[in-house]
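[1] sequence unknown, structure follows:
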């Protein structure tokens, strides 16, 4: 005899991360209190700085765009059973490819070069991820080590090219000349307020939907998930695990490369050093907190975007709450929603009622 599951159990997948996040915020309030500031005032200032007006919300969504793209770049290969730690390098090479299109193809083609630059950014990131994927499949190289090493290689290549080849004439700052205005990513800042928010934000949401459809509704996506869940069973079913792995990591690299579209074409309008700004590494936390699901990644990216923007405003309004404390808040969120994700699960399950009993 079977008893029907409690209707409340259906909300458990959403309730667990909410309670984990609430616990992280409670501890964050204690940290702010220990720093000598009012935690309620600090959290209010954080929320106001993140979405208090149109401009603040625009900046929050602008930062969230990078987290969505890099989070998807980690999550997609993770479904194939591998970690993509190379988002920084993939974004670098994507930025190089996109900048070359903007600088040399943009003047004659004008706005028609924008889709070419977007494709070039994705191609650059994909090609930079392809080599570690090939080494992993053919040589057994550890993909975490190779992707990290490729981050440093990409950084060195970019430094050399910007300083010696692409630097704007007559200046010492390591950056290229400005892109033609015709190839700037169309701005969305006018909808909310003055901010660097641009068309890359809705593009990232469409890509999140596309990743979900690819993984859940396509044959290739099923092969990727099967290769990650049980490689031996996938091989027995006739699936090429190596091909699925290469495809997943390459697509992830392409997503990371699109960070350059948001940063360079949408905000900076030139090629410059360090534009990935650590997004490739923070993407690991975004993907883990989002349970490697596109919807979860979008929500987590919005949370981190709010922390980035709100934390900047908070440090101005309350000098005692430094940027380091905001980093602590981010770390506590990752700790409770990632490493300690099951801390409250048993208690929540008992409160919601039995699932099914024989």
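    Good, I have the coordinates. Just so you know, these numbers come straight off a predicted model, no measurement behind them. Numbers count the residues shown, from 1 in each chain.
[2] What ranges does the stretch 151-300 of the chain have for its helices?
    Shown for the stretch 151-300 of the chain, the helices assigned by DSSP state H, counting those that start in this stretch span residues 189-192, 200-217, 219-229, 231-236, 241-257, 259-260, 279-289, 294-317.
[3] right, so the ones you listed: which one is the most enclosed?
    Mean neighbour count, computed with mean count of other CB atoms under 10 Å, is highest for helix 259-260 among the helices of the stretch 151-300 of the chain, reaching a mean of 34. The way it works is simple: take the backbone N, C-alpha and C, and place the C-beta from them, glycine included.
[4] Show me what that helix is packed up against.
    helix 54-79, helix 87-100 (3 or more CB pairs under 8 Å, 6 or more residues apart in numbering; DSSP states H and E).
[5] circling back: could you work out which of the helices of the stretch 151-300 of the chain reaches nearest to residue 77?
    helix 241-257 (4.4 Å; CB to CB).
[6] which residue ranges form the helices in the stretch 1-150 of the chain?
    Secondary structure of the stretch 1-150 of the chain by DSSP H, counting those that start in this stretch: the helices cover 12-34, 39-51, 54-79, 87-100, 106-109, 113-139, 143-161.
[7] re earlier: dump the helices of the stretch 151-300 of the chain into a markdown table; add distance to residue 153 and mean pLDDT as well.
    Converted to a markdown table, those look like this (distance: least, CB to CB, whole Å; pLDDT from 0 to 100):
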| stretch | distance to residue 153 | mean pLDDT |
| --- | --- | --- |
| helix 189-192 | 35 | 78 |
| helix 200-217 | 26 | 95 |
| helix 219-229 | 26 | 92 |
| helix 231-236 | 28 | 90 |
| helix 241-257 | 14 | 94 |
| helix 259-260 | 17 | 94 |
| helix 279-289 | 14 | 86 |
| helix 294-317 | 27 | 86 |
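[8] Now distance to residue 75 too, for these, in CSV please.
    Below are those laid out as CSV (distance: least, CB to CB, whole Å):
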stretch, distance to residue 75
helix 189-192, 28
helix 200-217, 7
helix 219-229, 11
helix 231-236, 19
helix 241-257, 8
helix 259-260, 15
helix 279-289, 4
helix 294-317, 6
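[9] For residue 162, find the nearest of these.
    Residue 162 lies closest, by CB to CB, to one member of the helices of the stretch 151-300 of the chain: helix 259-260, at 13.5 Å.
[10] contact partners of the closest one?
    Residues outside helix 259-260 that contact it (CB atoms under 8 Å, 6 or more residues apart in numbering): 66, 69-70, 87, 91, 94-95, 97-99, 121, 124, 275-276, 279-280.
[11] Equivalent analysis for stretch 117-124, please.
    With contact meaning CB under 8 Å, 6+ apart, stretch 117-124 is reached by 90, 93-98, 100-102, 105-106, 183, 203, 254-255, 257-258, 260-261, 265.
[12] do stretch 189-201 as well
    For stretch 189-201, the external contacting residues (CB under 8 Å, 6+ apart) are 53-59, 61-62, 64-65, 185-188, 258, 261-262, 265-267.
[13] let's see 6 Å
    Contact with stretch 189-201 is made by 54-55, 57-59, 61-62, 65, 185-188, 261-262, 266-267, as judged by CB atoms under 6 Å, 6 or more residues apart in numbering.
[14] returning to what we had before: just say which of the helices of the stretch 1-150 of the chain is most tucked in.
    Ranked by mean neighbour count, the helices of the stretch 1-150 of the chain are led by helix 87-100 with a mean of 29 (mean count of other CB under 10 Å).
[15] Okay, angle between that one and helix 143-161 too, please.
    Counting by axes from the mean of the first three to the mean of the last three CA atoms, to 10 degrees, helix 87-100 lies at 40 degrees to helix 143-161.
[16] Which secondary structure elements does helix 87-100 sit against?
    Secondary-structure packing of helix 87-100 (3 or more CB pairs under 6 Å, 6 or more residues apart in numbering; DSSP states H and E): helix 113-139, helix 143-161, helix 241-257, helix 259-260, helix 279-289.
[17] Out of those, flag the one nearest residue 49.
    Closest approach to residue 49 among those (CB to CB): helix 279-289, 18.9 Å.
[18] starting at the chain centroid, how far to that closest one?
    6 Å (CA atoms, centre = their mean, to the nearest Å).
[19] any idea of the angle it forms with helix 87-100?
    On the basis of the same axes, to 10 degrees, helix 279-289 is oriented at 130 degrees to helix 87-100.
[20] What helices and strands are in contact with helix 279-289?
    helix 54-79, helix 87-100, helix 294-317.
[21] what's in contact with it?
    66-67, 70-71, 74-75, 87-88, 259, 297, 300-301, 334, 337-338.
[22] Farthest pair within the contacts of stretch 189-201?
    Counting by CB to CB, the most remote pair of those is 54 and 261, 22.6 Å apart.
[23] Can you spell out which helices and strands pack onto the worst-scoring helix or strand of the chain on mean pLDDT?
    Counting by mean pLDDT, DSSP states H and E, the chain has its least confident helix or strand at helix 345-352, which shows a mean of 71. Here helix 345-352 touches helix 12-34, going by 3+ CB pairs under 6 Å, 6+ apart.
[24] Might you calculate how far the helix it packs on sits from the centre of the chain?
    Computed by CA atoms, centre = their mean, the separation of helix 12-34 from the middle of its chain amounts to 22 Å.
[25] got the contact list for that helix?
    Residues from elsewhere that reach helix 12-34, judged by CB under 6 Å, 6+ apart: 39, 42, 321, 328-329, 332-333, 336-337, 344-345, 348, 352.
[26] Perfect, that will be all.
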